[in-house]
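A.B. asks: Can you look at this prediction? I've put the sequence above it.
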Amino acid sequence: MTKDSPKTKFSDYFFVLYFAFVKKFLFFCRLKNMNNP
């Protein structure tokens with residue numbers, strides 16, 4: 001388990017970054033659609 005610890009940590013970090021990016025992207029698209037109906 002200790003051997004896989006760094007990999008799991010990296011996966012969690014990547015997942016958080018990816019989730020934040022998707023959330024920001026969706027928010028940007030929604031804002032763009034609101035400005036240009």
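C.D. replies: Arrived safely, thanks for sending. These numbers come from a predicted model, not from an experiment.
A.B. asks: mind listing the helices in this protein by residue range?
C.D. replies: Assigned helices in the chain, in chain order: 5-35 (criterion: DSSP state H).
A.B. asks: okay, and for it, where does confidence drop off?
C.D. replies: 1-4, 37 (pLDDT under 70).
A.B. asks: can you rerun that using 50?
C.D. replies: 1 (pLDDT under 50).
A.B. asks: what about Asp12, how many residues close to it?
C.D. replies: Around Asp12 there are 10 other residues, counting by other C-beta atoms under 10 Å. All C-beta atoms are positioned from the backbone trio N, CA, C, and that covers glycine.
A.B. asks: Return the alpha-carbon coordinates of stretch 30-37 using CSV.
C.D. replies: Output of stretch 30-37 as CSV, limited to C-alpha atoms (Å, rounded to 0.1, in the frame of the first residue of the first chain):
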residue,chain,number,x,y,z
ARG,A,30,-22.9,29.1,-19.7
LEU,A,31,-21.8,32.7,-19.3
LYS,A,32,-21.1,32.9,-23.0
ASN,A,33,-24.6,31.5,-23.9
MET,A,34,-26.2,34.0,-21.5
ASN,A,35,-24.4,36.9,-23.2
ASN,A,36,-25.3,35.7,-26.6
PRO,A,37,-28.7,34.0,-26.6
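A.B. asks: Now find how far off-centre that stretch is within its chain.
C.D. replies: 22 Å (C-alpha atoms, centre = their mean, to the nearest Å).
A.B. asks: And Asp12, how close does it get to Ser5?
C.D. replies: 11 Å (C-beta to C-beta, to the nearest Å).
A.B. asks: likewise Arg30?
C.D. replies: Arg30 is 38 Å from Ser5, by C-beta to C-beta.
A.B. asks: Repeat that for Tyr13.
C.D. replies: Taking C-beta to C-beta, one finds Tyr13 at 13 Å from Ser5.
A.B. asks: Likewise for Asn36?
C.D. replies: 47 Å.
A.B. asks: Neighbour count for those two, which is higher?
C.D. replies: Ser5 (9 against 6).
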